[in-house]
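# return a 3D structure for these sequence lines:
(one chain, ligands or ions: 3)
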Amino acid sequence: MKAVGVVPSRKEVRQLEHPHPQITRDNEVHIRTLEVGICGTDREICTFAYGQPPAGDDYLVLGHECLGEVVEVGAKVRHFKTGDLVVPSVRRPCPDPNCIPCREGRQDFCSTWKFTERGINQRHGYMTEYFVEEEAYLTPVPKSLRDAAVLAEPLTIAEKGLAQAWLVQKRVPGWEHHNRDGKGRGHGKTAVVLGAGPIGLLGAMKLLIEGFKVFVYSRSPKPNFKADLAESIGAEYISAVKMGADDFSQKVGNIDLVYEAVGEGSVSFDVMRVLGINGVFIFTGIPAQKPAIPIRADSTMRNITLKNQALIGTVNASPQAFIDAIHDLGEFKRRWPAAVKALITGRHKIDAHRELLVGKAQGIKNVIEFA
Ligand SMILES: NC(=O)c1ccc[n+]([C@@H]2O[C@H](COP(=O)([O-])OP(=O)(O)OC[C@H]3O[C@@H](n4cnc5c(N)ncnc54)[C@H](OP(=O)(O)O)[C@@H]3O)[C@@H](O)[C@H]2O)c1
Ligand SMILES: [Zn+2]
Ligand SMILES: [Zn+2]
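Ligands and ions are numbered 1, 2, ... in the order given. Purely as a prediction, here's the structure:
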C-alpha cells in the first residue's frame, strides 16, 4: 500500500510501500483511511526532532489525525460494522502493571512515560490506505460529519483541557458547573485563546458553545483570514503586535480562563501575568527548545498566589474526550457551517505530502485524502 513516512536513520521524508495489514484478533477492525490531517507534530517529526519507528522497522508511517471507514470487523467486535465511519485515537498504554492510568484506559495520564503513539512513537500512523485497530481505540462518527470529523483529534485537546478546568474550578464557589438557563457553563465568564491556529480556533469554538465570552489573542494584525474566521463565530480577535498584554487585560476585564494554543513562551507568560482573580490557565503548547527568555517572574508569581490561580498542562485525550469532540463538531457545524468548512484550508492528494510536511506552513488545517 501507499504510505507517507519518515526514515530517521537516513533523514528521509517520503512516500513508502507499507504492507496491507490484516485482522489477526477477534477485537480488531480493518479500516480504510479516508482523510488524515497534518499538524505541527508531523512537521516536527519531519525535522527528525523525535518520531521513533516501531521495533524492527527503519521507517515510521506518519499521521495521527484520521477519519476512516470500516471495511471488516473481527468476530468479537460489538459496536462497529462495515461502512461505519470511525476516528481512531493516538496513544496506547504502557506495559507496566503498576501504571494505574494505563491499566484503567487513561493512557493520556500514563505515569511511566513508556506509552506508544500511532504516527509518533513506536507505532505506525494513519497516512496509509488501510490500517487495523482494536475496537476500544475507535470512536463512531455519524455520516453527517464525513466532511469535518478529521478535526476531531485536534479538538480533543480542548475537550480534555476544559474537562480538567471544570474539575479544578470546582474549588471556586460561584464557578457554575451546571448549565445555567441553557446558556452554558461558561456563561458570564471571559476566556482568552492564545493563538489562532487549528488548536486555538477549535478551542475558541468549544469555549463559545460553553457560553464564555471569547477573545482570540494572536500575532498577525487584522485583517487576516484567521481573524475573520474567529470573528465570524463570535469571538473578538486582537493582535498581540498591536496591543500589549497590559492594555489587553484592561480592555478584556477579569480573565477567567486562558486556553494557550500558541506554543510560544514569551506571549504565554506575558498573558499569565494578567490572568484574572480565581483564573485558570490551560497550557497546550509544546515549544521547541530555544535560548532562555526574560519573564517578569515576581509579578507573575504574586499574581498566581494572591489571585488563587491554577495552571493546567494538557496532552493527548481520553476516550470520553473523543466522544465529546464528535458531539461538539456536530454543534459547531450546526452553528457555524461556513467556519467549520473554512478550518480545512486544503484537501490534497498523497503526492503533495512533501510540500505539506517540509514546505512553508500555510492555511489552517491541511488534509491528505486517501479515498
Ligand atoms: N497538547 C497537545 O496535546 C497538543 C496537540 C497538538 C498541538 N499542540 C500544540 O499546540 C500549539 C498550537 O498548535 P497549532 O497547530 O494551532 O499551531 P499554529 O498553527 O502554529 O498556530 C499558532 C498560532 O499562534 C500565533 N502565534 C505564534 N507566535 C505568536 C506570538 N509570539 N504572539 C502571538 N501569537 C503568536 C500564530 O500567529 P499567526 O497566525 O500570525 O501565524 C498562530 O495563529 C503548538 O505549540 C502545538 O505544539 C499541543
Ligand atoms: Zn496533531
Ligand atoms: Zn502507563
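# what parts of the stretch 251-371 of the chain come near ligand 2?
Taking CB under 5 Å from the ion, no part of the stretch 251-371 of the chain reaches ligand 2. In this view, the C-beta of every residue, glycine as well, is placed from N, C-alpha and C.
# identify the residues contacting the closest residue to ligand 2 within the chain.
Residue nearest to ligand 2 within the chain: Cys39 (3.2 Å; CB to the ion). If a contact means CB atoms under 8 Å, 6 or more residues apart in numbering, then Cys39 has Glu65, Pro154, Pro198, Lys365 as its contacts.
# would you mind giving both backbone torsions of the third one?
This points to Pro198. When quoted as degrees, to the nearest 10, the phi and psi of Pro198 stand at phi -60, psi -40.
# residues near it, how many?
Per other CB atoms under 10 Å, the neighbour tally for Pro198 reads 26.
# so how far is Asn179 from whichever residue of the stretch 151-300 of the chain sits closest to ligand 3?
The nearest approach of the stretch 151-300 of the chain to ligand 3 comes at Lys160, 16.4 Å away (CB to the ion). Going from Lys160 to Asn179 by CB to CB, to the nearest Å gives 20 Å.
# more neighbours: which of these two?
Set side by side, Lys160 and Asn179 show more neighbours around Lys160, with 25 against 12, by other CB under 10 Å.
# quickly find the element holding that one.
Lys160 belongs to helix 152-169 when assigned by DSSP states H and E.
# same deal with Met301?
Here Met301 is assigned to helix 297-306, by DSSP H and E.
# buried set for the helix or strand that that helix is followed by?
Using DSSP H and E, the next helix or strand after helix 297-306 towards the C-terminus is strand 310-313. Going by neighbour count (16 or more other CB atoms under 10 Å), the buried part of strand 310-313 is Ala310, Ile312.
# cool, stretch 92-112 as well?
Across stretch 92-112, burial judged by 16+ other CB under 10 Å covers Arg92, Pro93, Cys94, Cys99, Pro101, Cys102, Arg106, Gln107, Asp108, Cys110.
# what sits against the fourth one?
Taking CB under 8 Å, 6+ apart as the criterion, Cys99 is in contact with Pro93, Cys110, Ser111, Thr112, Lys114.
# change it to 10 Å
Residues in contact with Cys99 (CB atoms under 10 Å, 6 or more residues apart in numbering) are Pro93, Arg106, Gln107, Phe109, Cys110, Ser111, Thr112, Trp113, Lys114, Phe115.
# just the residues you listed: which are in strands?
Among those, no member falls in strands (DSSP state E).
# distance to ligand 2 and pLDDT added to the residues you listed, as TSV?
Shown next, in TSV, are the contacts of Cys99 (distance: CB to the ion, whole Å; pLDDT from 0 to 100):
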residue	distance to ligand 2	pLDDT
Pro93	20	98
Arg106	20	98
Gln107	17	98
Phe109	19	98
Cys110	18	98
Ser111	23	98
Thr112	23	98
Trp113	19	97
Lys114	21	98
Phe115	16	98
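# so which of those residues are also by ligand 3?
For ligand 3, the contacts drawn from the contacts of Cys99 by CB under 5 Å from the ion are Cys110, Thr112.
# which of the contacts of Cys99 sits closest to ligand 3?
Using CB to the ion, Cys110 is the member of the contacts of Cys99 that sits closest to ligand 3, with 3.3 Å.
# these two touch, right, that closest one and Arg91?
Yes: when contacts are counted by CB atoms under 10 Å, Cys110 is listed as touching Arg91 (7.4 Å).
# you'd agree Ile238 is in a helix?
No: judged by DSSP: H, G, I helix; E, B strand; the rest coil, Ile238 forms no part of a helix; its state is strand.
# skipping adjacent residues, who's closest to the residue sitting furthest away from the middle of the chain in space?
Centroid-distance maximum for the chain: Ala75 at 32.6 Å, with CA atoms, centre = their mean. Counting by CB to CB, 6 or more residues apart in numbering, Ala75 lies nearest to Asp26, which is 4.6 Å off, once chain neighbours are set aside.
# Thr314 now?
Gly161 is the one closest to Thr314 (CB to CB, 6+ apart), at 4.2 Å.
# repeat that for Gly330.
Gly330 sits nearest to Leu145 (CB to CB, 6+ apart), 6.3 Å away.
# ok, that neighbour - contacts?
Residues counted as contacts of Leu145 (CB under 10 Å, 6+ apart) are Leu67, Leu85, Val87, Leu151, Ala152, Ile326, His327, Leu329, Gly330, Phe332, Lys333, Val340.
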